[in-house]
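Student: sequence and predicted structure below; questions after.
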Amino acid sequence: MLPGIMSILTAVRDIDRLRQITQVLARHGFGEVVTRLGLSSHAGEDQPVTGGSIPRPLLGERIRLVLQDLGPTFVKLGQIMSTRSDILPEDIVLELKKLQDDVAPFPAEEAHKQVEESLGAKVSEIFVTFEDKPLACASVAQVHRATLKVEGEPEPVAVAVKIQRPGIDKMVARDPNLLHMLAALVERTIPESRL
């Protein structure tokens, strides 16, 4: 493919991801930030109606939810931020620490699909047993217990199967550039954020 076409496709993907980021921010009550950044045209129709008597989660929880919804790169950023009690308020740090060990799993069907694409065979053909419920979940991958029939072994051998989150390679390649751009934009347009 021609370099010019590649850069156009990359720009379109970046705009789509930027749209997703602004929608998630708006959905979790950061619509004012989106507006101050001049990105409200990217927020689309997905913005929730706010007000009424529905209680809104505290700021730290809202920040954590935004990072979770935006995926592995943002979860990793939240994990790093959770170690910075020197610059962030304690309530926010405590909420972000939940990203260290409270990451939502991706569905078992997706785990099976990842394994099958990677190994070229059905999960049932590869493993004697495969637990659909993950043993552990992290921002980049999750781990499932399984057993394998190993030649020369009388019983199946217990193994841990580490499966990357779907689409993480593309996100990890794209999100840091968008994060850098957003950080510069935040610093420029919201002076109180410079810390």
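Tutor: It's in.
Student: what's the distance between residue 145 and residue 14?
Tutor: Separation of residue 145 from residue 14 (C-beta to C-beta, to the nearest Å): 38 Å. For the C-beta atoms, the positions are set from N, CA and C on the backbone; glycine is no exception.
Student: so residue 146, which of the three states?
Tutor: strand (DSSP: H, G, I helix; E, B strand; the rest coil).
Student: ok, it - how many residues close by?
Tutor: 20 (other C-beta atoms under 10 Å).
Student: who's it bridged to?
Tutor: The residues listed as beta-bridge partners of residue 146 by DSSP bridges are residue 130, residue 159.
Student: for residue 91, see how far away the residue nearest the centre of the chain is.
Tutor: Nearest residue to the geometric centre of the chain (C-alpha atoms, centre = their mean): residue 71, 1.0 Å. Distance, residue 71 to residue 91, by C-beta to C-beta: 24 Å.
Student: what residues are up against the residue nearest to the centre of the chain?
Tutor: 165, 168, 171, 175 (C-beta atoms under 8 Å, 6 or more residues apart in numbering).
Student: my read: residue 72 touches residue 173, true?
Tutor: No. Assessed by C-beta atoms under 8 Å, residue 72 is found out of contact with residue 173, at 11.6 Å.
Student: out of these two, which sits in the more crowded spot?
Tutor: residue 72 (21 against 11).
Student: gap between that one and residue 153?
Tutor: 35 Å.
Student: before we move on, what about residue 119?
Tutor: According to C-beta to C-beta, residue 119 stands 19 Å off from residue 153.
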